[in-house]
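> Need coordinates for the following:
(4 chains)
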Protein chains: 2
Amino acid sequence: MSDPSQRLLQAAAAPDPADPDPALEAITDAALRQFELFGMARSTMDQISRRAKIARVTLYRRFPGKDALIDAVIQRELRRFLADLDAAVQPFEDVDDRLVEGFIFVLGAMRNHTLLQRVLDSEPETILPYLTVQGGPFLTAARDYLAARLLRDHDDAHTPEEVVLLADVLVRLMLSFLLTPQTLIDLDDREQARTFALRYLRPMLARG
Amino acid sequence: MSDPSQRLLQAAAAPDPADPDPALEAITDAALRQFELFGMARSTMDQISRRAKIARVTLYRRFPGKDALIDAVIQRELRRFLADLDAAVQPFEDVDDRLVEGFIFVLGAMRNHTLLQRVLDSEPETILPYLTVQGGPFLTAARDYLAARLLRDHDDAHTPEEVVLLADVLVRLMLSFLLTPQTLIDLDDREQARTFALRYLRPMLARG
DNA sequence: GATGATACATCCATACGCTATTTGTATCAT
DNA sequence: ATGATACAAATAGCGTATGGATGTATCATC
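Predicted structure coming up:
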């Protein structure tokens, strides 16, 4: 398993799906379900191919190897995540609301993501270092993506430097809530999450 | 190695050192140095006793076992840390300044703490879970301590519930900077850290 | 009376060899 | 292009052995 930050960058850099190959989709579908049920480390190419109702050899004809398949699954999840985030934020006009709603969405999306939760729960050692002590590349990628996203609907009130710092803090907080969800507010309660974001996140955006 | 949150609670609950036994201090001194040099897992009771210039048997007469010795070392480090934090914050009058200066101090203290950095660097798997996926107890303890500390020099402008939530965010951010120090600002530069805290942390305290 | 030295049982991490599984490729048939 | 079979290579898992470390007991010493 390689550094996830590369995949994030790639996924974020690919604006259009381009390749809705049904055969490939069916395979990644099967792989995703398999991974959700047994984790990535314990899933074998044989199990995945049987679940996809193809021969194992065909699997290798589509993907160079297991790593590449894992990459494809994760990349697709990231693309979906970013697309959903975009859609969730789009209805709102000003940056304030988008920030708050985006934060709420990310919280919910992370906590409802079966594969992510599965990995964190049953094989955390495979992902924990990349999100913590070796989390620099990932943090940078996520921060820069968020900053660019915030600057797209910017209000000219903030310098790019300010926005990047804000994005850094936001990413760190969301990552913290992912890794250690136990907190005073019920993160699954959208209203509580909104109150929290309004009270503690929006003030950081304030001031020109 | 047991859950660190217990130790944090104990250390925070013990306001006075009470026991300045020189013999015990010499042992924990030696153990600390040994741990700093080789990590906790790779340090043996034999090495520690030789460094403390006592027989290994005597070590066992002072401490029930290695776990207890590790606990003692960590507890003392925590006591020192909290005492130093108190001292660093004391010169400042109002909550705003104390928050900012306290944040700066914690950043520096964590990054300059040889043992902590040593463990994170050479045997992170022993501590990482307790600070992330199993970090609930630790986070709760740290958050409650900080909240109580903030309420002691409270300004009546915030409800206890607000303060606890603020403490939660602050602890999460400091933990994030500990685990993933790579960021845009130079955390070792006090002025940059202060600017950051003023810009992004103090606004959270604002409003009554 | 506490410390130190020796000895000893127990525990635990590590390593090694073995086996079974899995990965990845080649070949051939459909 | 897919599937079935076969196969080499890499890897994970497992039981076992081994060495070091933990923890305790005994006795001598100061």
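> gap between the residue positioned nearest the centre of chain A and A:Y145?
Geometric centre of chain A, nearest residue: A:L78, 4.9 Å, by CA atoms, centre = their mean. With distances taken as CB to CB, to the nearest Å, A:L78 is found 10 Å from A:Y145. Heads up, the C-betas are built off the backbone N, CA and C, glycines and all.
> circling back: does the residue nearest to the centre of chain A sit in a helix, a strand or a coil?
The three-state assignment at A:L78 reads helix, by DSSP: H, G, I helix; E, B strand; the rest coil.
> And A:P91, by the same measure?
Put simply, A:P91 is coil when judged by three-state DSSP.
> Over to A:H154?
Following three-state DSSP, A:H154 is assigned to coil.
> Over to it: give its phi and psi.
phi -80, psi 160 (degrees, to the nearest 10).
> wait, it sits on A:E162?
No. With contact defined as CB atoms under 8 Å, A:H154 does not reach A:E162; the gap is 10.4 Å.
> More neighbours: which of those two?
A:E162 (18 against 12; other CB atoms under 10 Å in any protein chain shown).
> roughly how far apart are the more buried one and DNA strand C?
45 Å (CB to the nearest atom of the strand, to the nearest Å).
> and chain A, which of its residues are near DNA strand C?
A:43-46, A:56-57, A:60, A:64-67 (CB under 7 Å from any atom of the strand).
> Just the buried residues out of those, in ChimeraX syntax.
A single ChimeraX command selects the buried members of the residues of chain A next to DNA strand C (16 or more other CB atoms under 10 Å in any protein chain shown):
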select /A:43,45,66
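> can you list the residues of chain A next to DNA strand C in JSON lines and add pLDDT, distance to A:F35 and secondary structure?
Shown next, in JSON lines, are those (pLDDT from 0 to 100; distance: CB to CB, whole Å; DSSP: H, G, I helix; E, B strand; the rest coil):
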{"residue": "A:S43", "pLDDT": "96", "distance to A:F35": "6", "secondary structure": "coil"}
{"residue": "A:T44", "pLDDT": "96", "distance to A:F35": "11", "secondary structure": "coil"}
{"residue": "A:M45", "pLDDT": "96", "distance to A:F35": "12", "secondary structure": "helix"}
{"residue": "A:D46", "pLDDT": "96", "distance to A:F35": "14", "secondary structure": "helix"}
{"residue": "A:R56", "pLDDT": "95", "distance to A:F35": "17", "secondary structure": "helix"}
{"residue": "A:V57", "pLDDT": "95", "distance to A:F35": "21", "secondary structure": "helix"}
{"residue": "A:Y60", "pLDDT": "96", "distance to A:F35": "18", "secondary structure": "helix"}
{"residue": "A:P64", "pLDDT": "94", "distance to A:F35": "18", "secondary structure": "coil"}
{"residue": "A:G65", "pLDDT": "94", "distance to A:F35": "15", "secondary structure": "coil"}
{"residue": "A:K66", "pLDDT": "95", "distance to A:F35": "11", "secondary structure": "helix"}
{"residue": "A:D67", "pLDDT": "94", "distance to A:F35": "13", "secondary structure": "helix"}
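> what about A:R143, helix or strand, and which?
Element membership of A:R143, judged by DSSP states H and E, is helix A:136-152.
> CA atoms of that helix as PDB?
Extracted C-alpha coordinates of helix A:136-152, given in PDB (Å, rounded to 0.1, in the frame of the first residue of the first chain):
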ATOM      1  CA  GLY A 136       2.500  15.500   5.800                       C
ATOM      2  CA  PRO A 137       1.800  14.700   2.200                       C
ATOM      3  CA  PHE A 138      -1.800  13.900   2.800                       C
ATOM      4  CA  LEU A 139      -2.400  16.900   4.900                       C
ATOM      5  CA  THR A 140      -0.800  19.100   2.300                       C
ATOM      6  CA  ALA A 141      -2.800  17.700  -0.500                       C
ATOM      7  CA  ALA A 142      -6.100  17.900   1.300                       C
ATOM      8  CA  ARG A 143      -5.300  21.400   2.600                       C
ATOM      9  CA  ASP A 144      -4.300  22.700  -0.900                       C
ATOM     10  CA  TYR A 145      -7.400  21.100  -2.500                       C
ATOM     11  CA  LEU A 146      -9.700  22.700   0.100                       C
ATOM     12  CA  ALA A 147      -7.900  26.000  -0.200                       C
ATOM     13  CA  ALA A 148      -8.300  26.000  -3.900                       C
ATOM     14  CA  ARG A 149     -11.900  25.100  -3.500                       C
ATOM     15  CA  LEU A 150     -12.500  27.900  -1.100                       C
ATOM     16  CA  LEU A 151     -10.700  30.400  -3.300                       C
ATOM     17  CA  ARG A 152     -12.900  29.500  -6.200                       C
END
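> What average pLDDT does that helix get?
Helix A:136-152 shows a mean pLDDT of 93.
> which secondary element of chain A has the worst mean pLDDT?
Every helix and strand in chain A was compared by mean pLDDT, DSSP states H and E; the lowest is helix A:4-13, with a mean of 66.
> next helix or strand past that one?
Next in sequence after helix A:4-13, counting helices and strands by DSSP H and E, comes helix A:22-38.
> And that following helix, what's buried?
Within helix A:22-38, judged by 16+ other CB under 10 Å, the buried ones are A:27-28, A:30-36.
> List of residues touching that helix?
For helix A:22-38, contacts defined as CB atoms under 8 Å, 6 or more residues apart in numbering or on different chains pick out A:43, A:47-49, A:51-54, A:59, A:62-63, A:69-70, A:72-73, A:76-77, A:114-115, A:118.
> Quick one: buried ones out of these?
With burial judged by 16+ other CB under 10 Å, the buried subset of those is A:43, A:47-49, A:51-52, A:54, A:59, A:62-63, A:69-70, A:72-73, A:76-77, A:115, A:118.
> can you put the buried residues of helix A:22-38 in a markdown table and add pLDDT?
Shown next, in a markdown table, are the buried residues of helix A:22-38 (pLDDT from 0 to 100):
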| residue | pLDDT |
| --- | --- |
| A:I27 | 96 |
| A:T28 | 96 |
| A:A30 | 96 |
| A:A31 | 97 |
| A:L32 | 97 |
| A:R33 | 97 |
| A:Q34 | 97 |
| A:F35 | 97 |
| A:E36 | 97 |
